[in-house]
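Asker: Just to be clear, the model below is a prediction. Sequence and coordinates:
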Amino acid sequence: MKKFLLFIIFIYSFSCSFNSSINIKKEPQLGDTSEFILKNSTWGKPKDKKIVVRSNGTDEEWIYERGILYIKGGELTSIQEFKTPH
């Protein structure tokens, strides 16, 4: 039984370290930070940015070929995806 528990602990710790070393990209979601989007999003770096500085914070529009990400105060607040022609 001891060997079995040690084996389970080893497998668990290996899978945790393996998963943390792999960078799995994902679609951006509302609430993601701008830093997270740049590093971990399937959208990656935008082709262009529009930045508006206001008294209550910064608004950004990140423009991609597939759409626009709207970021307010460093957090994703809206996603606009362009329709692809058929």
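Answerer: Structure's in. What do you need?

Asker: the helices in this protein, which residues?
Answerer: Assigned by DSSP state H, the helices in the chain fall at 2-21, 34-40.

Asker: Go through those helices and find the least confident stretch.
Answerer: Among the helices of the chain, helix 2-21 carries the lowest mean pLDDT, at a mean of 58.

Asker: who's in contact with Leu38?
Answerer: Gly44, Lys45 (C-beta atoms under 8 Å, 6 or more residues apart in numbering). Just so you know, the C-beta spots here come from the backbone N, C-alpha and C atoms, and that holds for glycine as well.

Asker: Next: the one 3 residues further on.
Answerer: The contact partners of Ser41, by C-beta under 8 Å, 6+ apart, come to Lys25, Lys26, Glu27, Pro28, Asp32.

Asker: Nearest to Gln80 among the residues you listed?
Answerer: Using C-beta to C-beta, Pro28 comes nearest to Gln80 of those, at 11.5 Å.

Asker: out of everything not next to it in sequence, what's closest to the closest one?
Answerer: Ser41 (4.7 Å; C-beta to C-beta, 6 or more residues apart in numbering).

Asker: hey, what's that neighbour bridged with?
Answerer: Lys26 (DSSP bridges).

Asker: That one and Ile79: what is the separation?
Answerer: For Ser41, the distance to Ile79 (C-beta to C-beta, to the nearest Å) stands at 11 Å.

Asker: quick one: the residue nearest to Pro28 from Thr33, how far?
Answerer: Distance from Ser41 to Thr33, counting by C-beta to C-beta: 10 Å.

Asker: go on, Glu61?
Answerer: Taking C-beta to C-beta, one finds Glu61 at 16 Å from Thr33.

Asker: next one: Trp62
Answerer: Distance from Trp62 to Thr33, counting by C-beta to C-beta: 13 Å.

Asker: Neighbour count for those two, which is higher?
Answerer: Trp62 (22 against 14; other C-beta atoms under 10 Å).
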